[in-house]
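**Student:** this one's structure only:
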């Protein structure tokens, strides 16, 4: 009986430590949610503005000659894979890697410590990946696409639906597709549409990448907050159950001691 009480006491202490950890991580995630959501909304607005400008340009007949509008099929695919820097975020990272199973032959450019570890590349941070880094990567990717070194470019990231729901997705950036309902009527382009489109492509790719990074990070902190809330509830329920077992075991031990004392005094 004494061994059972000691074992229960150790288990209660262990689960209690886990409860304190989940609460601390939940608080950290909560403190980041507002700023992450603000950054996500700004990223969406910027990417939408750049995309609209590129869509107007690509609707012009001359821009059909641009290397960025040449559809060469799906043979050689490059995917920028955005995952988190840490775990303990529910299915956030696992959903990204599960989606990647659909593209076994793709060339992967990982962003985020978990993605870099999985694909064996130099470790970088998805939370601290800034516009300068995004623009440098975008210039390289655009140059390689124009040189026909690969056929399509996508970003594997996480879409923020709500605090409770985040979905892994692929956003395709290259090649561009012509948008028939957008025309640059009344807009004069200097020197010409195709030159402006080609020059704007690194900005377009960088804008899409930054927006995906910001949305993925907002999804990560939301997923971590929910995961820590659920873990905390489970830990508290386990503590309550163990405490009940501990009290029963202790009561049984006390009853046994009293019984032995009474029996000893009567003999």
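**Tutor:** That came through, no problem. The model shown is predicted, which means the values in this text are computed figures rather than measured ones.
**Student:** And the strands in the stretch 1-150 of the chain?
**Tutor:** For the stretch 1-150 of the chain, the strands defined by DSSP state E, counting those that start in this stretch cover 77-82, 107-111.
**Student:** Tell me which of those strands approaches residue 191 most closely.
**Tutor:** strand 77-82 (30.1 Å; Cβ to Cβ). Glycine gets a C-beta too; all of them are placed from N, C-alpha and C.
**Student:** Give me the residues contacting stretch 241-251.
**Tutor:** Contacting residues not belonging to stretch 241-251 are listed as 1, 4, 5, 8, 9, 11, 12, 15 [Cβ atoms under 8 Å, 6 or more residues apart in numbering].
**Student:** Out of the strands of the stretch 1-150 of the chain, which gets nearest to residue 164?
**Tutor:** Residue 164 sits nearest to strand 77-82 of all the strands of the stretch 1-150 of the chain, at 20.6 Å, using Cβ to Cβ.
**Student:** Just checking: what are the partner strands of the closest one?
**Tutor:** Strand 77-82 sits in its sheet next to strand 107-111 (parallel), strand 152-160 (parallel), going by DSSP bridges.
**Student:** now the contacts of stretch 241-251: which count as buried?
**Tutor:** Neighbour counting over the contacts of stretch 241-251 (16 or more other Cβ atoms under 10 Å) leaves 5, 8, 12, 15 as the buried ones.
**Student:** Sitting in helices, which of these do you find?
**Tutor:** Of the buried ones among the contacts of stretch 241-251, the ones assigned to helices by DSSP state H are 5, 8, 12, 15.
**Student:** Check the residues you listed against residue 103 and report the nearest one.
**Tutor:** For these, the nearest to residue 103 is residue 15 (40.5 Å; Cβ to Cβ).
**Student:** re the thing from before, can you redo the buried ones among the contacts of stretch 241-251 as a markdown table with pLDDT and distance to residue 51?
**Tutor:** Listed next are those as a markdown table, based on pLDDT from 0 to 100; distance: Cβ to Cβ, whole Å:
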| residue | pLDDT | distance to residue 51 |
| --- | --- | --- |
| 5 | 75 | 65 |
| 8 | 77 | 59 |
| 12 | 80 | 55 |
| 15 | 78 | 49 |
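**Student:** Throw those residues into JSON lines and include distance to residue 145, thanks.
**Tutor:** Below are the buried ones among the contacts of stretch 241-251 laid out as JSON lines (distance: Cβ to Cβ, whole Å):
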{"residue": "5", "distance to residue 145": "68"}
{"residue": "8", "distance to residue 145": "62"}
{"residue": "12", "distance to residue 145": "59"}
{"residue": "15", "distance to residue 145": "53"}
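**Student:** Name the residues that touch stretch 35-43?
**Tutor:** 160, 210, 211, 212, 213, 214, 215, 217, 218, 221, 222.
**Student:** What residues sit buried inside it?
**Tutor:** Residues 36, 37, 39, 40, 43 are the ones in stretch 35-43 that count as buried (16+ other Cβ under 10 Å).
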